[in-house]
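>>> Need the 3D shape of this:
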Amino acid sequence: MEEQHPWTRYVAIGDSFTEGIGDPEPDSPGGNRGWADRVAEVLGHNKDDFAYANLAIRGRLLNQVQAEQLEPALELKPDLISVSAGGNDIIRPGSDPDEVAARVDTLVAGLRRDGATVILFTGPDIGMTPVLSRMRGKVAIYNENIRAIAQRHDAVVADMWSLRELADPRMWAPDRLHFSPVGHHTVARMVLNALNVANELEPFKPEPLPPRRWRRARVEDMGWAREHFMPWVLRRIRHQSSGDNITAKRPGF
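Residues are numbered from 1 along each chain as shown. Below you'll find the model as predicted:
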C-alpha cells in the first residue's frame, strides 16, 4: 500500500515507552523495536526521502527529556515529532498531575516552534494493573490536561486511555510496566489512526484467557514482585534509573 501523508522527517522523543522496551528485536538499533519504529516503517513505505530518529531513553523523567532531547530533536528539522514524557513523574509518590502537565505544556510549545506536527499521548487506563491501579485517578487528571494542551498547541492526541485492548494481559511485558510486542503493535495502529494514515497492520483480536487457579495466579504475582517490582522500587529509593549509561538508539537520520 502506498501511503499518502505529508511527513518526511519523523523524530520520536521520550522514555522507555518510545524506546520500545518490552518489544525486543536483535536486528533493531538498541535491540528493541517498539511502536515508534513500527509507525516509522509504515510512514516510510514507498518514501525514499523519509527519515526517522528516536532519541528516547528508558527511565527519563520529564525534565530530562526537556533538557536532553528537545534541542537535538529540533536540530534534525523534523516535520513530525512524537513525545511521550511525564509518565515516570506521574507514578512517583506525591507527584501533582497538574504540575507535571504544566511542564509538558512548556515542552510542547518548544516542539511546535518550527511548525512540526506533534503527537501527544494520554496514559493508559491502569485500573486493571495490580500495583499501579491506585494511581488511576492521577492518570485521568493528567490525561485531561494532555487533551487541553493538544488543543492549545494544535497537536495530535494518541489516546491510549480509550484503547480498551490494553486491558488484555498479553498486551503487557512480563514486568507489567511496559508493553509486549503485541502491545507495541496495537499502539502503533492507534497512532497511525490518530494521524489518519491508512495502513495494513492487522488488528489484534485476543481470545479470552482461560481462568487461572488462585494458587497459580498468586505464585505468578509473587514472582513478578520479586523479579520486576522490587528492583523498580529500589531504584526509586536510590535515585537510580534504568536508563543510566544508556544512549539513544537512533540519534540521527
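>>> Just the helices from the stretch 1-150 of the chain, written as ranges.
In the stretch 1-150 of the chain, the helices defined using DSSP state H, counting those that start in this stretch lie at 16-19, 34-43, 62-75, 87-90, 97-111, 136-153.
>>> State the distance from A51 to W35.
Distance, A51 to W35, by C-beta to C-beta, to the nearest Å: 18 Å. Any C-beta I mention is one placed from the backbone N, CA and C, and that applies to glycine too.
>>> let me fix that: A158
Separation of A158 from W35 (C-beta to C-beta): 9 Å.
>>> How about L177?
Counting by C-beta to C-beta, the separation of L177 from W35 is 15 Å.
>>> Among those two, which residue is more densely surrounded?
Using other C-beta atoms under 10 Å as the criterion, L177 and W35 rank with W35 on top: 29 against 21.
>>> can you tell me which residues contact that one?
Shown in contact with W35 (C-beta atoms under 8 Å, 6 or more residues apart in numbering): F17, T18, G20, D23, F179, H184, H185, V187, A188, V191.
>>> Just to check, the fifth one is in contact with P24?
No - with contact defined as C-beta atoms under 8 Å, F179 does not count as touching P24 (11.8 Å).
>>> Name the helix or strand of this protein that has the lowest mean pLDDT.
Across the helices and strands of the chain, mean confidence by mean pLDDT, DSSP states H and E is lowest for helix 214-224: a mean of 41.
>>> ok, the residue lying closest to G183 once chain neighbours are set aside to A101 distance?
Sequence neighbours aside, M171 is the residue nearest to G183 in space, at 3.8 Å (criterion: C-beta to C-beta, 6 or more residues apart in numbering). Using C-beta to C-beta, we find M171 at a distance of 25 Å from A101.
>>> what stretches of this protein score poorly on pLDDT?
Low-confidence segments of the chain (pLDDT under 70): 1-3, 129-131, 204-245.
>>> most centrally placed residue in it?
Closest to where the C-alpha atoms of the chain average out (C-alpha atoms, centre = their mean) is F17, at 3.4 Å.
>>> Could you pull out the buried residues of stretch 21-40?
21-23, 28, 30, 32-40 (16 or more other C-beta atoms under 10 Å).
>>> And it, end to end?
16 Å (C-alpha to C-alpha, to the nearest Å).
>>> where's it relative to the chain centroid, distance-wise?
Counting by C-alpha atoms, centre = their mean, to the nearest Å, stretch 21-40 is centred 12 Å from the centre of its parent chain.
>>> Which parts of the stretch 151-253 of the chain are strands?
Along the stretch 151-253 of the chain, counting by DSSP state E, counting those that start in this stretch, strands occupy 156-158.
>>> can you give me the helices in it?
All helices of the stretch 151-253 of the chain, identified by DSSP H, counting those that start in this stretch, fall at 181-194, 214-224, 230-237.
>>> My guess is S133 contacts G127. True?
Yes - assessed by C-beta under 8 Å, S133 is found in contact with G127 at 5.2 Å.
>>> dump the residue contacts of I246.
Taking C-beta under 8 Å, 6+ apart, we find I246 in contact with I57, R58, G59.
>>> among these, who's most crowded?
I57 (25 neighbours).
>>> ok, the residue nearest to G183 - how many residues close by?
So M171, with other C-beta under 10 Å, has 22 neighbours.
>>> and the gap between it and S28?
Distance of M171 to S28, given as C-beta to C-beta: 20 Å.
>>> and if you look at A85?
Distance, A85 to S28, using C-beta to C-beta: 22 Å.
>>> ok, the contacts of I246 vs E165, which is closest?
E165 has its nearest neighbour among those in R58, at 23.7 Å by C-beta to C-beta.
>>> looking at it, that closest one is touching G22, isn't it?
No - R58 lies out of contact with G22 (C-beta under 8 Å); the separation is 10.3 Å.
>>> Touching both of the two, which residues are there?
Counting by C-beta under 8 Å, 6+ apart, the common neighbours of R58 and G22 are S16.
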